[in-house]
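*Asks:* model this:
(one chain, ligands or ions: 1)
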Amino acid sequence: MASGMYEIISKKRDGLELNREEIAFVISGYVRGDIPDYQVAAWLMAVYLRGLNDRELADLTELMLASGDAIALDGVPGKKIDKHSTGGVGDKISFIVAPLVAACGVRVPMLSGRGLGHTGGTLDKLEAIPGMNVFLGPAKFREVLAQTGMVICGQTENIVPADKKLYALRDATATVSSIPLIASSIMSKKLALGSDGIVLDVKTGSGAFMREEADSIRLCRTMVAIGEKTGRPCLGIISNMDQPLGRAVGNSLEMIESLEALKGRGPADVMEVTFALGWCMLQAAGQEMAYAKAVEKFSAAIASGRALEVFRRFIAAQGGDPCVCDDYSLLPASRHQEDFLAPAAGHVQRIDSFEAGMAAIDTGAGRRRKEDAVAHGAGFIFHANVGDAVAKGQKIVTINSDRPELLPSVRERLAAAIRIGPQPAARPKMVLHRVDKDGVNPWPY
Ligand code: URA
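*Replies:* Residues are numbered from 1 along each chain as shown. Okay, here's the model as predicted:
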């Protein structure tokens, strides 16, 4: 017989294993509204501190998945490969890799989220495009995917409702950065989408939920094992989130950088992560080829304009104005621009991406509270990255904001985030490892 919630919390608090019935009791009781937030919060903290074994994690993921509906994709022809990032600062890879991979004949369905903590959200960035609808029913989701080769949509009420409720509670109770809780949250949503394979971008470093490389590898291995158990290819990379990705941080600004990347003018770090993930996605779809060959295919899709054309059609299919692809002035912009200057000559040694993400929230690009509105034009353009030499007074960041009253705090955070020193610093490697069912290998390229 299942225990009551008090006994289940005490059992996990004491480090004991929960049976499937007990986990089901928590998940279904919470979704129905029978168990109060304070008890589930205590249970989450017990899981955070004590962890879950493989069996408990498999049960939790399955039960979360079973709490809602799935989006079947069998009727959509071709291979469908989903990609998911664990979240970061300046992470606009989805907008580049999805059309690139779609231009190579693989369909890309994605369920994405809003900004969370210091990290930006794919849905917020998409909503910078006038008219863009990021909530689609299953039929429309399939239609956009079949017509354009890609679709990006938010989690609606019926898709893994257990995760919706648990996630909000974790966000408020400091229980986000737990391997079993992140793995079950992400993988329950991935499995709710009937894709043929899953590719994961697990971030590591100052702007990632998992700051330590060893923890990011463990998280990726855990998720790969869950995905592979369902019989679909599941693989991932560990990528660097120790400095903001690319030059732009903020919704419109990142959309412009993504469009520039689709026109062949993407920053090197962004393209490195994009090509690595794209290659993994082609492999998950059964297109085996050397990495150099995949890069050649992606470069051809950019040069011919085919990838940009996929993105244009995807925007139109989800109600957005595709003219933004040619005229960036159609995207929201901030009224106020101000430069942050190098306080001394030297080399950029570090740009702490957690601090940069928090500073971006102060510009208005993200939310401090769930109910806050996002200023789509706000954020940063970085003019220097780790490894660059800078002169005293050189422009390092352009701040875009409609909130002049918060600029002192933005400048203070940027000053804390950016370290300039006399020693030359190496440019960071962006892709660190590849993880698949056979194990973890250092990224060879
Ligand atoms: N993204 C998710 O969807 N869930 C988590 O727990 C963390 C990042």
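*Asks:* what comes into contact with the helix or strand of the chain with the lowest mean pLDDT?
*Replies:* Least confident helix or strand of the chain, by mean pLDDT, DSSP states H and E, is helix 161-172 with a mean of 91. The contact list for helix 161-172, computed with C-beta atoms under 8 Å, 6 or more residues apart in numbering, reads 27, 30-31, 37, 40-41, 44, 63-64, 67-68, 116-117, 155, 157, 175-176, 181, 184-185, 188-189, 370. Any C-beta I mention is one placed from the backbone N, CA and C, and that applies to glycine too.
*Asks:* following element in sequence after that helix, please.
*Replies:* Next in sequence after helix 161-172, counting helices and strands by DSSP states H and E, comes helix 179-192.
*Asks:* OK, contacts around the nearest residue to Ser353 once chain neighbours are set aside?
*Replies:* Among residues not flanking Ser353 along the chain, Gly207 sits closest, at 2.7 Å (C-beta to C-beta, 6 or more residues apart in numbering). Applying C-beta under 8 Å, 6+ apart, we find Gly207 in contact with 88-89, 118-119, 241-244, 352-354, 356-357.
*Asks:* for the protein, what lies in contact range of the ligand?
*Replies:* Counting by C-beta under 6 Å from any ligand atom, the chain comes close to the ligand at Thr86, Gly87, Gly113, Val176, Leu181, Ile182, Ser185, Ile186, Phe209.
*Asks:* recalculate using a threshold of 5 Å.
*Replies:* Residues of the chain lying near the ligand by C-beta under 5 Å from any ligand atom: Ile182, Ser185, Ile186.
*Asks:* which ones are touching the last one?
*Replies:* Put plainly, it is Ile186. Applying C-beta under 8 Å, 6+ apart, the residues near Ile186 are His84, Thr86, Leu200, Met223.
*Asks:* and the residues you listed as TSV, adding secondary structure and distance to Ala415?
*Replies:* Shown next, in TSV, are the contacts of Ile186 (DSSP: H, G, I helix; E, B strand; the rest coil; distance: C-beta to C-beta, whole Å):
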residue	secondary structure	distance to Ala415
His84	strand	34
Thr86	coil	28
Leu200	strand	34
Met223	helix	36
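*Asks:* between those, which is nearest Val101?
*Replies:* His84 (13.7 Å; C-beta to C-beta).
*Asks:* residue ranges for the strands of this structure, please.
*Replies:* 81-85, 108-112, 150-154, 197-204, 234-240, 248-249, 336-341, 346-351, 379-382, 389-390, 395-401, 418-421, 431-436, 439-442 (DSSP state E).
*Asks:* and those: which comes nearest Gly15?
*Replies:* Of all the strands of the chain, it is strand 197-204 that lies closest to Gly15, at 26.4 Å by C-beta to C-beta.
*Asks:* how far off centre is the closest one?
*Replies:* 9 Å (C-alpha atoms, centre = their mean, to the nearest Å).
*Asks:* neighbouring strands for it, and are they parallel or not?
*Replies:* strand 81-85 (parallel), strand 234-240 (parallel) (DSSP bridges).
*Asks:* before we move on, back to that, so which of the contacts of Ile186 comes closest to the ligand?
*Replies:* Thr86 (5.3 Å; C-beta to the nearest ligand atom).
*Asks:* who touches that closest one in this structure?
*Replies:* Counting by C-beta under 8 Å, 6+ apart, the residues that Thr86 touches are Ile182, Ile186, Leu200, Asp201, Val202, Lys203, Ala208, Phe209, Met210, Ser216, Leu219.
*Asks:* among those residues, find the lowest-pLDDT one for me.
*Replies:* Lowest pLDDT among the contacts of Thr86: Phe209, with 88.
*Asks:* report how many residues lie close to it.
*Replies:* Residues lying near Phe209 (other C-beta atoms under 10 Å) number 23.
*Asks:* measure the nearest residue to it once chain neighbours are set aside to Asp171 for me?
*Replies:* In this structure, Phe209 finds its nearest non-sequential neighbour in Ser177, 4.8 Å apart by C-beta to C-beta, 6+ apart. Ser177 sits 11 Å away from Asp171, going by C-beta to C-beta, to the nearest Å.
*Asks:* so these two - more neighbours on which side?
*Replies:* Ser177 (16 against 13).
*Asks:* show me the helices in the stretch 301-445 of the chain, by range?
*Replies:* For the stretch 301-445 of the chain, the helices defined by DSSP state H, counting those that start in this stretch occupy 306-317, 353-363, 407-417.
*Asks:* tell me which of these is the most buried.
*Replies:* helix 353-363 (a mean of 25; mean count of other C-beta atoms under 10 Å).
*Asks:* residues in contact with that one?
*Replies:* Residues contacting helix 353-363 (C-beta under 8 Å, 6+ apart): 88-90, 115, 117-120, 205-207, 241-244, 249-250, 334, 366-368, 375, 378-380, 399-401, 403, 406, 409-410, 413-414, 416-417.
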